[in-house]
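Asks: Provided below for reference: sequence and predicted model.
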There are 2 protein chains.
Amino acid sequence: NTGIDCISSRRIVRLPGMIDVHVHLRDPGQTHKEDFASGSAAALAGGVTMVMAMPNTKPAIIDRDSFQMAKECAARGARCDYALFVGASLDNYRQLAELGPRAAALKMYLNDTFSDLRLDDLTVWSQHMEHWPRHLPLCVHAEGQTMAAAMMVAALANRPIHICHVAKKEEILLIKAAKQRGFPVTCEVSPHHLFLTSSELGRLGAMGQVKPPLMVEDDQRALWDNMAVIDCFATDHAPHTVAEKRSEKPPPGFPGLETMLPLLLTAVNQGRLTLQVTVIVICARQNRQGTIADQPLIVTRGQQNRQGTGADQPLGWSDLEDKLHHNPRRIFKLPEQPNTYIEVDMDETYSIPEAPAHSKAMWTPFAGRAVAGAVKRVVLRGEVAMVDGRVLATPGSGRDVRELQPLLPPPPAVQPETVVMP
Amino acid sequence: NTGIDCISSRRIVRLPGMIDVHVHLRDPGQTHKEDFASGSAAALAGGVTMVMAMPNTKPAIIDRDSFQMAKECAARGARCDYALFVGASLDNYRQLAELGPRAAALKMYLNDTFSDLRLDDLTVWSQHMEHWPRHLPLCVHAEGQTMAAAMMVAALANRPIHICHVAKKEEILLIKAAKQRGFPVTCEVSPHHLFLTSSELGRLGAMGQVKPPLMVEDDQRALWDNMAVIDCFATDHAPHTVAEKRSEKPPPGFPGLETMLPLLLTAVNQGRLTLQVTVIVICARQNRQGTIADQPLIVTRGQQNRQGTGADQPLGWSDLEDKLHHNPRRIFKLPEQPNTYIEVDMDETYSIPEAPAHSKAMWTPFAGRAVAGAVKRVVLRGEVAMVDGRVLATPGSGRDVRELQPLLPPPPAVQPETVVMP
Ligand SMILES: [Zn+2]
Ligand SMILES: [Zn+2]
Ligand SMILES: [Zn+2]
Ligand SMILES: [Zn+2]
Ligand SMILES: [Zn+2]
Ligand SMILES: [Zn+2]
Ligand SMILES: [Zn+2]
Ligand SMILES: [Zn+2]
């Protein structure tokens, strides 16, 4: 008997702040699709406390001036923490290195793309991979053969490489082989490639266009079968308006920030993914309004020194925490966000709405899907940033984590209200 | 005074038999374009004593039955020695390994091609690269990015790979970097990429279509600038009739066997390539008919133990001998052809004819080009196989060198008529 006054059998789980290493916030330049304020609100609603924003904006982020412009947009608008990518162009490899320490990572577009960032020539790839500092992360949009080619050029440059949005069996198997042979390659997978296949294209029509495209079930199964090869989950949140998606030439991309965690939590409930079970809140206290408490009682079990905080744990991380917090931090060398965590209700079931509330996209390819698992509360650097779908964090309250890093204090000793079970 | 009765200042050079590791002889199935008898006659006329025939015939050579069929065609028709490729298909990787020891090499078509041999899926690439025995050669048609991808898959399979017809700057530079890092990669370059560029497409029209295509001068220059990175010259002899090349859908490819050596010898004369100068016949004796002798006097200089034979030499090989004899032998593990050599006249100048005499193609993209350097005589396993453009070797006299290999005798002590200068 813990003396806890349980009024609910709901399992509330506290997780570290989720980190999404691949989002398109369309700011500057296409803020009718999204901007830092709306995109970071969607992030918080989805349990994401840190986003890494892609550089294919208008203008593209390819030099000091455009990087400065994006930083100003982000500083004004962001409600969650962030870092900003810079993009490789045909001739900017010399200028980018100086921006490196303040950028999320270098992004190279090696397949057909939707901006002026496409790079075809292996010599240009080599120049970027040689010049971008080896200790800083480098990400590639590179599908199929192109992915293998990018891995080769990275190997010749003797540097790590991160593969964006792996979607095909041939890709995940090649990455697996490369990891087994010791090549320093990491990868991410997007929820839509885990939870949708090309069989949905009948239902989705032109709305279903995305790059890489939705794949066949054999590819989807290979992703699930090789979960240990996947380093990160990342939304590739790519908002376009409904009108744009229904137009003659629909642009590729799905919004994803508000739906990723419900989908992944559902997979946890189905036993397809694992969660660190030692941080389950096994019952929730009623607050004065009779709703789930703002300060739920957290009961940890099975690991004595587990504090249920956002602080790093030495062992025992599982799929969600690894792929949305620890691996992103390790691969992208991101600082810990102190006093930052999220709480999810593993037992709340609902249908994903037609139009999630915060992104300007106002649609989702997952509309109508039954999920079990809801993001209830987000605490970002000690402040409640989101609760029950209401985003409390204001535009401009988010921080550029690359600017924080040199000043980053040692992780504070956080004291949440916990009871440790033997 | 060597006591030599010189009647000519012509430099007759004796070279080992040239080995062309990449020819399409269209046999079986498209013998109106070429067959083993005509293609091997073109080879001998061009100073090539051994050809390696590609598997994209009709049918394609992808299993035991088709391999046997090709062997029979070759055994009946070939006038020079040969080995036969097998081709990778979507599902034949298990069956091919048994054919390996008797095949020239495995060929994988990884870009768009003109047969049912195209392979798209990296998993299929891996299966072939894992199953084909590591000590046997494996060649890829893989351009640009695809080349880099193929190198990665080969690296993961921990095996050597040979890149066909390198044509672009980005390709040769990546191969250079890979060699510097110790990756076991080798490559070949075709004469048309050394001697033609896309600037000739105006003149050539649709006849100029070839895969890989003719490239810009910057690419061409990179090949010449990185001559040390090129392991082999290979014609990619791909004969089509004039009517086919002038048709609505001209098939890609050039004939090349009869023109490669004159073009390369011209480059030697221009100082763009090197020859082993120690084997120059500095004067030729008149025979009874007043023409260049069947048995020219060979004068070697600068290297005491150089015998001027086709036998391997320990040191001092230069571009032509390396890239058309020694490297092909090493990379493809080919036996020495005993008593085999060719003689070329470095001083004979002429224009390449509209229709070289032996290939059924009856055209060449090099028509009208002034060259300096003619193949005068070919001795194949002790027999004069070609002299002054007349092919004496009969169909069926050529041997499958893979069948000879287990029985290969030790290289005989050849005693050509030589005078060693101090
Ligand atoms: Zn803005
Ligand atoms: Zn992408
Ligand atoms: Zn993206
Ligand atoms: Zn952490
Ligand atoms: Zn035949
Ligand atoms: Zn080819
Ligand atoms: Zn070819
Ligand atoms: Zn030799």
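Replies: Sure, I can see it. Ligands and ions are numbered 1, 2, ... in the order given.
Asks: tell me the contacts of residue A:142?
Replies: A:108, A:110, A:111, A:149, A:150, A:163, A:164 (CB atoms under 8 Å, 6 or more residues apart in numbering or on different chains). Just so you know, the C-beta spots here come from the backbone N, C-alpha and C atoms, and that holds for glycine as well.
Asks: for the closest residue to ligand 1 within the stretch 51-200 of chain A, what are its contacts?
Replies: In the stretch 51-200 of chain A, the residue that lies nearest ligand 1 is residue A:73 (3.1 Å; CB to the ion). By CB under 8 Å, 6+ apart, residue A:73 lies in contact with A:27, A:28, A:35, A:36.
Asks: element containing it?
Replies: Under the criterion of DSSP states H and E, residue A:73 resides in helix A:64-77.
Asks: buried set for that helix?
Replies: A:66, A:67, A:69, A:70, A:71, A:73, A:74, A:75, A:77 (16 or more other CB atoms under 10 Å in any protein chain shown).
Asks: Stretch A:196-203 now?
Replies: A:196, A:197, A:200.
Asks: I'd like to know how far the second one sits from residue A:42.
Replies: By that I understand residue A:197. Residue A:197 is 24 Å from residue A:42, where distance means CB to CB, to the nearest Å.
Asks: The first one now?
Replies: Applying CB to CB, the value for residue A:196 to residue A:42 is 19 Å.
Asks: And the helices in chain A, which stretches?
Replies: For chain A, helices defined by DSSP state H occupy the ranges A:36-45, A:64-77, A:93-99, A:122-131, A:145-156, A:169-180, A:191-195, A:201-204, A:217-225, A:242-245, A:260-269, A:319-321, A:327-332, A:401-404.
Asks: neighbours of residue A:105, just the number please.
Replies: Using other CB atoms under 10 Å in any protein chain shown, residue A:105 has 24 other residues around it.
Asks: what's the closest non-adjacent residue to it?
Replies: Setting aside the residues directly before and after it, residue A:105 is nearest to residue A:137 in space (CB to CB, 6 or more residues apart in numbering or on different chains), at 3.8 Å.
Asks: any low-confidence regions in chain A?
Replies: A:1-9, A:112-116, A:276-317, A:406-422 (pLDDT under 70).
Asks: give the contact list for whatever residue of the stretch 201-350 of chain A ends up closest to chain B.
Replies: Nearest to chain B, among the residues of the stretch 201-350 of chain A, is residue A:222, at 9.3 Å (CB to the nearest CB). Residue A:222 makes contact with A:168, A:169, A:172, A:173, according to CB under 8 Å, 6+ apart.
Asks: and stretch A:16-25, does that touch ligand 1?
Replies: No - using CB under 5 Å from the ion, stretch A:16-25 stays clear of ligand 1, coming no nearer than 9.0 Å.
Asks: Between the two ends of that stretch, how far is it?
Replies: Terminal residues of stretch A:16-25 lie 23 Å apart, using CA to CA, to the nearest Å.
Asks: how far does it sit from the chain's center?
Replies: Distance of stretch A:16-25 from the chain centroid (CA atoms, centre = their mean, to the nearest Å) equals 3 Å.
Asks: mind listing what's buried in that stretch?
Replies: Those would be A:16, A:17, A:18, A:19, A:20, A:21, A:22, A:23, A:24, A:25, for stretch A:16-25 by 16+ other CB under 10 Å.
Asks: For those residues, name the two members farthest from one another.
Replies: Using CB to CB, the pair of these lying farthest apart is A:16 and A:24, separated by 23.8 Å.
Asks: quick one: the strands in the stretch 301-422 of chain A?
Replies: With strands called from DSSP state E, counting those that start in this stretch, the stretch 301-422 of chain A shows them at A:341-351, A:370-380, A:383-387, A:390-391, A:418-420.
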